[in-house]
Every structure is written in C-alpha cells, then in structure tokens.
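Engineer: Dropping a prediction and its sequence here:
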Amino acid sequence: MEKSISQEERIRRAEEIYSRRRYNNRYGESLYRSGETRNRYQPQETRKIKGKMINKMIIQMIVCVIIYTCIYMLQYSNYLFSKDMVDKTKEVLSYDISIENLYNKSNEFFSELQKKFNLVVNNEQNDNVNEKVQNENTEEANIENTNTNTENGEVNNENSDNVENSEISQDTNNEANQNSEQLAVGGADETQPEEEKSQEEQDIDYVKQNVSIIWPIKGVITSRFGNRTPTEIVTANHKGLDIEGNTGDNIVSAMDGTVVQYSEEGDYGKHLRIQNGEVLTLYAHCSELLVQEGSTVKQGDVIAKVGATGRATGPHLHFEIRRDDRFINPELILGSL
C-alpha cells in the first residue's frame, strides 16, 4: 500500500517536475524561486543531454562538410587537377606576402608622401616671401623714380645747353671715321694684289720657301718651257726644259727626296721621278738609271746618265719641276743656266 503523502510533499514534487520540464524545453538553466531567494538549478541529467546533443551536431556538420567536399572534387576533378589550375596554384604559392615587406613598403610610400608635402609647403612659403620682397622692391623703386624725376627736371636745363656741343663733336668724329675708312680701303687696295696671286706664282713661292733645288746638269738649253713649234717628234706645249749633253754625262739629283718612279717605257724613255713633299722633279731620256725605286737621295747625288731614249732627237736631259701635278718653269726658280 502506498504511504500517505502529505499535501506539502505533493506540492514540492509538482514544483520539481515543472521546473525540469521547463529546463528541458529550453536546454538551459531554469530559475525558480523558493520563498524570497533565487537559486540556480540544473540537474545533472540535463547537462549530459546537452553535451551529447552538441557533440552530435558537431559530428553531423563535419560529416556534411566532408561529403560535400568529396562530391565537389568528384564533379570538378578535371578542372582541379588540370595544368592551368596547377600553374595558378604554384603562382599563388610563389607570391611573397610577407608582412614585414608590406610594412616596409608602406613606410617608404608614406615617407615619400611626407617629403612631397613638405616640399609643397616650402615652395608656398618661398613664393610668399618672394612676393613680399618684390612688393618692397617696387615700393622702393617707385620712391627712387620720383626722386630721380625731380632731379632730372633740374638737369634737363643743363643738358639742353650741352646738346649743341655734342652735335659738333659728333660731326667731327664722323669725319674722322670717314677718313680712317678711306685709309683702310686704300691699304686694302695696296695689299690686294698680294692676295690675288696666280696659282703659278703661289707654286713658285712655295717651292722657293720649302725646297732647295739646283741644276741637275750644266749645258745649253735647247728647248724652253711653254709653247713651241711642234714637229713629228716634239709637242707644242713643252712642260719642262731640254738641256743639251753628251751621252754618259752624269745627272745629279736637283733636291733631296725619294725615288717614287723608276721606268724605262713611254715617250720619256728611261726616266726617274723624285718626290719631296708636294714638289716632284723628273729626269727623262736617260741612257742609264743608277738608283732604284724607293731609294732616298740627297741633293747632288749622281742618279743617272744622259741619253736619247724614248721620243728624243739627240742626247739631252728633259727636266721638269711640279707641285701637286702642276708644271712649273724651272728657270723661274733656278734663274738662267
């Protein structure tokens, strides 16, 4: 038989059951009052139930994430493991996202920005200072101009008296300048003929000033430089001197130089050319040549023998002097033989 329960015990049990149901419905703590005080009450069984439910929810979430990931990878496996995706992944992993580098770069950027800002501020301050200085200078200039205007008004009277004297002196100066110009023109006219020398005269002066030349042989000049009566053998324009001699007479070098040509052919027959700077001497119609091409000779050295080789009428020496392939009359340099 059941024990008889007092009315107070029933009320206490009913309140306990009500409080448990209330907590279970809210999964939390339930508060209930007992008299004038509030006490926190959470049965041990409800704590266990709450822990199990939380663990179950976490496990379910993890399983869902794993299942979704597997489905996604199976669906997009071709793209995920393609070459492009692998390259992009490597590229992303190769990026340097160091926080220290970002911090340093940001500091550099802000420092440059601060410098530019300071520069702009300094320029503005300098502009303001320059404006003030210009304003002060203009004020001072205006004051000086007013003072000079007053002084000029006093001086103008004196200047008006001096104008006539200055005009007279200017006229005299102009006349003196005209006279000096006429003298200068006269002097230029006197020196002008020297500047307008012919090419032949310039060549003669050059040879006389730069090279020492002597007669290569002694004898009678049978044909002079320039125009002559042509024949079957001789030409009308004679470019040198023909000096009579006997076959075998010595021919000496007229100047120091180098033998630049040794030849036994042509109208000149056996002949030599000797070069000294811009000046060249030629010895033609020789019977024998005693130096070789490239040899260096001195003035007076025997270089050949008189003959009649080539286009010649008899034994003689054909002698030429040239400057840059321009023919010069030897008598104008050496005088008469």
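Structural biologist: Here it is on my side, so go on.
Engineer: Surely Val118 is in a helix?
Structural biologist: Val isn't right for residue 118; it's Asn. Yes: note on Asn118: a helix contains this position according to DSSP: H, G, I helix; E, B strand; the rest coil.
Engineer: So which residues of the stretch 101-250 of the chain form strands?
Structural biologist: Here the stretch 101-250 of the chain has its strands, by DSSP state E, counting those that start in this stretch, at 221-223, 226-227, 237-238, 241-244, 250-252.
Engineer: between these, which gets nearest to Tyr18?
Structural biologist: strand 237-238 (155.0 Å; C-beta to C-beta). Backbone N, C-alpha and C define where each C-beta goes, glycine included.
Engineer: And for that closest one, what's in contact with it?
Structural biologist: Strand 237-238 is contacted from outside by Ser223, Arg224, Phe225, Gly226, Asn227, Arg228, using C-beta atoms under 8 Å, 6 or more residues apart in numbering.
Engineer: Arg326: which of those residues is nearest?
Structural biologist: Phe225 (12.7 Å).
Engineer: neighbours around that closest one, how many?
Structural biologist: Look at Phe225: counted by other C-beta atoms under 10 Å, it has 21 neighbours.
Engineer: Widest-spaced pair of the contacts of strand 237-238?
Structural biologist: Maximum pairwise distance among these (C-beta to C-beta): 11.0 Å, between Ser223 and Asn227.
Engineer: Which of these two has more residues huddled nearby?
Structural biologist: Between Ser223 and Asn227, counting by other C-beta under 10 Å, Ser223 is the more crowded of the two (17 against 10).
Engineer: Please look at the more buried one and Ile243 and confirm they touch.
Structural biologist: No: applying C-beta atoms under 8 Å, one finds Ser223 not in contact with Ile243, separated by 9.1 Å.
Engineer: Please name the strands paired to the lengthiest strand in the chain in the sheet, noting orientation.
Structural biologist: Longest strand in the chain, counting residues (DSSP state E): strand 279-289. With DSSP bridges as the test, strand 279-289 is paired with strand 270-276 (antiparallel), strand 302-306 (antiparallel), strand 316-323 (antiparallel).
Engineer: Redo these as TSV? Include distance to Lys239.
Structural biologist: Converted to TSV, the strands paired with strand 279-289 look like this (distance: least, C-beta to C-beta, whole Å):
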stretch	distance to Lys239
strand 270-276	13
strand 302-306	19
strand 316-323	6
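Engineer: mind putting those strands in JSON lines, mean pLDDT, mean neighbour count and distance to Glu201 included?
Structural biologist: Output for these, formatted as JSON lines (pLDDT from 0 to 100; neighbours: other C-beta atoms under 10 Å; distance: least, C-beta to C-beta, whole Å):
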{"stretch": "strand 270-276", "mean pLDDT": "96", "mean neighbour count": "22", "distance to Glu201": "20"}
{"stretch": "strand 302-306", "mean pLDDT": "97", "mean neighbour count": "21", "distance to Glu201": "30"}
{"stretch": "strand 316-323", "mean pLDDT": "96", "mean neighbour count": "23", "distance to Glu201": "12"}
